[in-house]
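A.B. asks: coords below, sequence missing:
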């Protein structure tokens, strides 16, 4: 089992940037595909970005393409989400998740034991 801890959230004005980190313990992340998801108040948790085990494949929801970048450092057991040109509609709790299968990450079908606790991102206009 892998334990995930997100950090880097905060409050920022529209147009600003934040970098989220997801640090893993318990197991090496190098065998897992990883994803970032977000949940706004009153809404369902949705997929934002995914990265396969090697970092050679990434996918993004259309609303963040060109603004967000997912990356990973397997040596540090950490996954990142660089968020630029933030918009008020990006306001949400952001969660990272892990799964051995990349297809499960991009579909959001990740087991309950493989989610972090979340970090809040608030973007003001």
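C.D. replies: Okay, I see it. Keep in mind the model is a prediction, meaning the values are calculated, not measured.

A.B. asks: can I assume residue 84 is in contact with residue 65?
C.D. replies: No - using C-beta atoms under 8 Å, residue 84 makes no contact with residue 65, being 11.8 Å away. C-beta coordinates here come from the backbone N, C-alpha and C atoms, glycine included.

A.B. asks: neighbour-wise, which of those two wins?
C.D. replies: Comparing residue 84 with residue 65 by neighbour count (other C-beta atoms under 10 Å), the higher total belongs to residue 84, at 14 against 10.

A.B. asks: quick check: closest non-adjacent residue to that one.
C.D. replies: Closest residue to residue 84 in three dimensions, ignoring its sequence neighbours and counting by C-beta to C-beta, 6 or more residues apart in numbering: residue 17, at 4.7 Å.

A.B. asks: which SSE is the spatially most central residue of the chain in?
C.D. replies: Here the mean C-alpha position of the chain is nearest to the C-alpha of residue 36 (C-alpha atoms, centre = their mean), at a distance of 2.1 Å. Residue 36 is part of strand 33-39 when elements are defined by DSSP states H and E.

A.B. asks: what comes into contact with that strand?
C.D. replies: Under the contact criterion C-beta atoms under 8 Å, 6 or more residues apart in numbering, strand 33-39 has outside partners 20, 22, 45-53, 70, 72, 79, 81, 90, 92-102, 104-106, 108, 110, 118, 121.

A.B. asks: output the contacting helices and strands for the helix or strand immediately after that strand in the chain.
C.D. replies: Scanning the chain past strand 33-39 towards its C-terminal end, the next helix or strand to appear is strand 46-51 (assignment: DSSP H and E). Counting by 3 or more C-beta pairs under 8 Å, 6 or more residues apart in numbering; DSSP states H and E, the packing neighbours recorded for strand 46-51 are strand 33-39, strand 58-60, strand 68-73, strand 78-83, helix 102-106.

A.B. asks: swap the cut-off to 6 Å and go again
C.D. replies: Of the remaining helices and strands, those touching strand 46-51 by 3 or more C-beta pairs under 6 Å, 6 or more residues apart in numbering; DSSP states H and E are strand 33-39, strand 58-60, strand 68-73.

A.B. asks: pull the residues that contact the second one.
C.D. replies: Taking contacts as C-beta atoms under 6 Å, 6 or more residues apart in numbering, the residues outside strand 58-60 that touch it are 49-51, 70, 106.

A.B. asks: fine by me, we can end here.
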